[in-house]
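# Coordinates for the following, if possible.
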Amino acid sequence: MEKGTKIAIVCIVFGVLGIGVAYVFWIVPPPHPPIPEGAFVITDPLDGAEVTWRYVVKGNINEEVTLKQYPNADIYVLIYTVGTDAWWVQPPVTYSEGKWEVNCFFGRSGKDVGVQYNVCAILTEKKLIEGQIYTELPDHVAQSNIVSVIRK
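Have a look, this model is predicted:
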């Protein structure tokens, strides 16, 4: 192989490697550190509590390690009816200074007494719409504890 051909091959190889390095360092965003346990929790209702048809679910979020890492993310609460495959997106969450809340629906008015529900909050960059139904929790960057409640 001629010297000029070898130089051309070396230049091509280093050029491809340089593009790969540039892609990794300049185009691919660095991964976020994991959300620590306890940084995103449901505080009310407590596990095993009884809830009414409409019940205000409340929680805390450590904004320093969640919302600042994911500035385009929102908090959503989803309600799962035990015995089905349906996670229901609840109305929009309001939050301020690390506290959040939402007035959730647990079944239907005048019906569904005694039914068990699971409650979970997620932090996601995906836009969810109230009333949407998912068979599993949508993609998310953080998830709260899951609280099991009974409708009274």
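
# distance between the ends of stretch 44-53?
By Cα to Cα, to the nearest Å, the extent of stretch 44-53 from end to end equals 15 Å.

# avg pLDDT for it?
For stretch 44-53, mean pLDDT is 98.

# Give me the residues contacting it.
55-59, 105-110, 112, 117, 119, 147-152 (Cβ atoms under 8 Å, 6 or more residues apart in numbering). C-beta coordinates here come from the backbone N, C-alpha and C atoms, glycine included.

# Going by neighbour count, which of the residues you listed are buried?
Neighbour-count burial (16 or more other Cβ atoms under 10 Å) applied to the contacts of stretch 44-53 gives 55, 57-59, 105-107, 117, 119, 147, 149-151.

# Just flag the most distant two among those.
The widest separation within the buried ones among the contacts of stretch 44-53, taken as Cβ to Cβ, falls between 59 and 107 and amounts to 21.0 Å.

# coming back round to it: lowest-confidence entry in the buried ones among the contacts of stretch 44-53?
pLDDT is lowest at residue 107 among the buried ones among the contacts of stretch 44-53; the value there is 95.

# Please report the distance of that residue from residue 55.
11 Å (Cβ to Cβ, to the nearest Å).

# try residue 95
Counting by Cβ to Cβ, the gap from residue 95 to residue 55 is 17 Å.

# now residue 129
Taking Cβ to Cβ as the measure, residue 129 falls 21 Å from residue 55.

# so residue 138 touches residue 121, yeah?
No. Using Cβ atoms under 8 Å, residue 138 makes no contact with residue 121, being 12.0 Å away.

# Now, the contacts of stretch 44-53 that are in strands?
Using DSSP state E, the subset of the contacts of stretch 44-53 located in strands is 55-59, 105, 117, 119, 147-151.
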